[in-house]
Structures are given as C-alpha cells and as structure tokens.
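Novice: below are the sequence and a predicted model for it; my questions follow.
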Amino acid sequence: MEPVAPADAPPARTPPSARTPQSVRTPHRLDPAGGCPHADNARLLARGAVAPVELPGGIEGMAVLGHEALKEFLQHPEVAKDARHFTALREGRIAEGWPLRTFATVPGMTTADGADHRRLRSLAARAFTPRRVAQLQPWIEELTDTLLDGLERAAATGDGVADLRRHYALPLPMGVICQLLGVDERFRDRLHHLGSRVVATGTPPAEAVAANRELLAVLGEIATAKASESGDDLTSALIAARDEGGDRLSQQELIGTLLLMIIAGHETTLNLITNAVRALCAHPEQLALVRAGEASWADVVEETLRWDAPVSYFPFRYPVRDLIVAGTLIAAGTPVLAGYSAAGRDPAAHGPDAGRFDPTRTARPGAVRHLSLGHGAHYCLGAPLARLEATVALERLFTRFPALRLAVPDADLPPHAGFVGNSVRTLPVRLGPDRPDRPGRPDRPDPGAGRTAMDP
C-alpha cells in the first residue's frame, strides 16, 4: 500500500486518466435495508480486494474486502478516523438525517486519532482488562443460567418455540455492559431500541434524527443520575474524569463514550451469539465434533467471528492522502468501510474452503487469524469480554438443551436491518425435550418479569 503523493505534498486527487482500471469500476450499491452479505462479498472479492461502493444518498465510498489489504489498511499511518478528513461531510453534502452520520461524528474513541484516541481509550480500558473480565465470569455464568430459565419458560408458553435472540442472545450482553457501566435496568429497553434505530442504515432521515436526539437525551439522563449517586462502575469513573477538568474528558466525549460502550458492547455480541447458534444448528456434524472434544466452544466463537462476522461493513476510515490499496486508488477524504464479513471468507487468506464452517480450523498449523474484531490501534477494546460472554453462552445453552434446533429454515430468517451489522432479526428455536437430570428451575426469577421485553 503506497501513497500516490510524497509525504510532504498537499493532498490531491489523481486525474481519472492516471487511475488504475479497478478505481473506475461501477460502484456496488449497498442496500440500506441490509441482507446476507456473503454472495455479494464473493462476487466483489473475485474482482479485487477493494471495491467502490455507493453509500446511502449517493455518497461515493470504498470498501476494503480482502484479508491482507484490510489488515494493512487498518494500521496504515496515513488512514484516519477523525471526520474532519471526510470530504463530503466537510463540503456540507451530508445531511443531518444521513443514516451513517452518527458513525462518523459521535465524539469518542471510534472517531479519534493519535493522542486523543489514546486518552479516550485509556479512560475505559480499566474495565476490560483480562483480570477484570475473568472476575466477571461467575456473575456472567449466573446471569446465563437465569436467562436459560427464562428461555425455557418462553418456549413453554409459545407452543414449544422461543425467540432465542430476544430472550437470550440480547439480554446477556446488554445486562453485562450495563452492569459494567452502572446503568439502571429501567433504561435498558430504551437503549437497545434507540441504538438499533441509530445504527440501522435504512432508518428514514426524520426517524434517524429523532432517535439520535432521544438516545442522547437518555444518555444525558443516565449521566446526571450517576453524577448525583456515583458507584464502582465505569460511568462514575468517566464522570470523575470529566469533573477533574483539564483535557481528560469533555461532556460531549462522555456522552459519546457511553453511546459507543452501550451499542458496541451489546450489539456485536448479540450478533455473535445469534450467528454461532445458527451455524451450529446448520452444521450438526461440527456440533458433534465440539461435543466429542475435537474442538472447543472458544473455537466455535473464533470460527463464527471469521465465517459469519457480527459486523459486515464498519464505517469509517479516511485516507489523508491518495493511496493505492491492493492496486486500487482510494482518494483522500473518501469514506472507507472495513469489510469484515468479506475478509473472513477470503480464500487468499483462509484457503479454498474459506466458505466452510469448521471450528477445528483454528487449531490447524498456519491458520490465519481473522480480523473481525479489528486490527491495530482501534482493535476492539471489549474483545476479551465478548469472547467470554459468547463462550459461556454457547456451552451452557447446548449443555442445557442438547436437542436445540431452529424452528424455521435458516433461509427464512429475516435479515438484520442494515449493512453494518450482520445477523438476523429473530431466531425462533425449539429446545427439545428436557434432560432428565436437568429439569427446569421454575423457582428462579424471570429476568424479564416486571418490565417490557427488549425490542429484538
């Protein structure tokens, strides 16, 4: 990957006559409504590791799809996250209700570079150290068992069918991140509902604006409540950093960090657990290998991250100068998507069977590590926690309900709303007969009692 211009030259667009043939291909239009990305990814990858794309509103962008190209791009020193490098935004061509605007403009780690990024990341990092995550494991296991009881009751009242995404895959990571942040349970439904509207690429502009404003108001309410009654949680620590003055944390950065932590802290793991259950139900021979000890539940998590990444196209990064990436020009100021779902099935990195789900793959000599949790300075801060939650969730789910299966064909599951996240909206399952040695425990409280269920 090389800059077109020397490092001390001003940013300049390369004339069309000098561009490589790949840079003038017809852009692939990303469907704002979402859908399974894998067929399109394979078609685009066959043409090159980088593809021009059309974002909502006709905005020109690029997607880096190939594993090696993406790995290099994610850590390139002349690629930025700060939206001041986003040409269309700087020129006023991005409307307030543009569905991807929040990704570009929310103040926080995902839109900061250099010293600002290190400052903001260090304030949250203490909550996600391996030691802190390990300390959470017993509590996560207890919460998981409680949610499994609730899932069983939901199936009993639903003709044997329950939505696993709604009753299990969602409340587990939402409960964990809110516990870390000290967010009261009464806020959780609204946070998920509003967050899903904000990140859905098909949300109409007026609804996107309204959802974003309401979400910021809810986060402000949470911060105000926590400021008057602090605790041993991440929100209280962030507020303390804000109130110490200086340049440690501004009010906007506080709210932006809470938004990032809550949305990223549950949406990604929600999709990961959902996709892993789908994969195991669709590949019973692989589930049998796990049960036989030939692969671990942690291997299932890693293979799911590769094979069906919970985030498909993540916005945004911007070259600060014209760059040639895998033979394709990406002009300075272009919004670039990280194509995690495509990179995970790139045959050039993962072999000719890259499209095959196989949890034993991770133990193969020379196996290439996936990029689905990022790479470089912006590597996912919550990766250890997401891995722990998903591993515990899958092991306890399939141990408790060994006959678990999908209640409808996988092809009939409604796709996730938007092209950023990659999953399905619902996951109806049949739990099968109870194990004789593991009956349900109706004496335990239902985690959903006394409140409305989260919107899936």
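Specialist: Thanks, I have the structure now.

Novice: need the contact list for the spatially closest residue to residue 373 that is not a sequence neighbour.
Specialist: Spatial nearest neighbour of residue 373, excluding adjacent residues (C-beta to C-beta, 6 or more residues apart in numbering): residue 380 at 4.1 Å. Every residue, glycine included, has its C-beta placed from N, CA and C. When contacts are counted by C-beta atoms under 8 Å, 6 or more residues apart in numbering, residue 380 touches 264, 268, 373-374, 386.

Novice: by neighbour count, which of those wins?
Specialist: residue 386 (28 neighbours; other C-beta atoms under 10 Å).

Novice: in three-state terms, how would that residue be classified?
Specialist: What DSSP: H, G, I helix; E, B strand; the rest coil gives for residue 386 is helix.

Novice: does it really touch residue 269, like I thought?
Specialist: Yes - with contact defined as C-beta atoms under 8 Å, residue 386 reaches residue 269; the gap is 4.7 Å.

Novice: just the buried residues of the one helix or strand residue 278 maps to, please?
Specialist: Using DSSP states H and E, residue 278 sits within helix 251-282. Along helix 251-282, these residues count as buried under the neighbour rule (16 or more other C-beta atoms under 10 Å): 253-281.

Novice: grab the nearest non-local neighbour of the most centrally placed residue in the chain.
Specialist: Taking C-alpha atoms, centre = their mean, the centroid of the chain lies closest to residue 268, which sits 3.4 Å from it. Leaving aside its sequence neighbours, residue 268 sits nearest to residue 310 (C-beta to C-beta, 6+ apart; 4.9 Å).

Novice: likewise residue 66?
Specialist: residue 49 (2.7 Å).

Novice: burial measure for the one you found, as a count.
Specialist: 26.

Novice: so what sits against both of residue 386 and residue 269?
Specialist: residue 173.

Novice: save the contacts of residue 380 as a markdown table, and put in distance to residue 37 too.
Specialist: Supplementary listing: those in a markdown table, determined by distance: C-beta to C-beta, whole Å:
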| residue | distance to residue 37 |
| --- | --- |
| 264 | 19 |
| 268 | 16 |
| 373 | 17 |
| 374 | 18 |
| 386 | 20 |
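
Novice: worst-scoring helix or strand of the protein, pLDDT-wise?
Specialist: In the chain, the helix or strand scored least confidently by mean pLDDT, DSSP states H and E is strand 2-3, which has a mean of 50.

Novice: hey, where'd the strands end up in the stretch 201-350 of the chain?
Specialist: 313-319, 323-325, 328-330, 336-339 (DSSP state E, counting those that start in this stretch).

Novice: distance to residue 61 and mean pLDDT added to those, as CSV?
Specialist: What follows is these, written out as CSV (distance: least, C-beta to C-beta, whole Å; pLDDT from 0 to 100):
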stretch, distance to residue 61, mean pLDDT
strand 313-319, 8, 97
strand 323-325, 13, 96
strand 328-330, 10, 96
strand 336-339, 6, 98
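
Novice: buried deepest among the ones you listed, which one?
Specialist: strand 336-339 (a mean of 26; mean count of other C-beta atoms under 10 Å).

Novice: nearest to residue 42, out of the strands of the stretch 201-350 of the chain?
Specialist: strand 336-339 (11.8 Å; C-beta to C-beta).

Novice: and the contacts of that closest one?
Specialist: With C-beta under 8 Å, 6+ apart, strand 336-339 has contacts from 41, 53, 61-65, 70, 73-74, 79, 312-319, 330, 371, 374.

Novice: same check, this time on stretch 81-93
Specialist: 59-60, 94, 104-105, 110-113, 117, 316-320, 332-335, 378.

Novice: please repeat the previous calculation with a cut-off of 7 Å.
Specialist: 59, 94, 104-105, 110-113, 316-318, 320, 333, 335, 378 (C-beta atoms under 7 Å, 6 or more residues apart in numbering).

Novice: narrow these to those in helices?
Specialist: Of the contacts of stretch 81-93, the ones assigned to helices by DSSP state H are 104-105.

Novice: just the closest of the contacts of stretch 81-93 to residue 426, please.
Specialist: Looking across the contacts of stretch 81-93 and measuring by C-beta to C-beta, the closest to residue 426 is residue 110, at 28.0 Å.

Novice: who's in contact with the closest one?
Specialist: Taking C-beta under 7 Å, 6+ apart, one finds 81, 260 in contact with residue 110.

Novice: what's the pLDDT at it?
Specialist: Listed pLDDT for residue 110 reads 93.

Novice: cool, the one 5 residues further on as well?
Specialist: Per-residue pLDDT puts residue 115 at 94.

Novice: now do the one 5 residues further on
Specialist: Model confidence at residue 120, expressed as pLDDT, equals 91.

Novice: do the one 3 residues further on as well
Specialist: Here the pLDDT value assigned to residue 123 is 88.

Novice: that one contacts residue 249, doesn't it?
Specialist: Yes - using C-beta atoms under 7 Å, residue 123 makes contact with residue 249 at a distance of 6.2 Å.

Novice: give me the below-cutoff pLDDT ranges for the stretch 151-300 of the chain.
Specialist: Where the stretch 151-300 of the chain drops to pLDDT under 70, the residues are 245-247.

Novice: so where do the helices sit in it?
Specialist: 164, 171-181, 188-199, 205-228, 234-243, 251-282, 284-291, 297-307 (DSSP state H, counting those that start in this stretch).

Novice: right, I'll leave it there.
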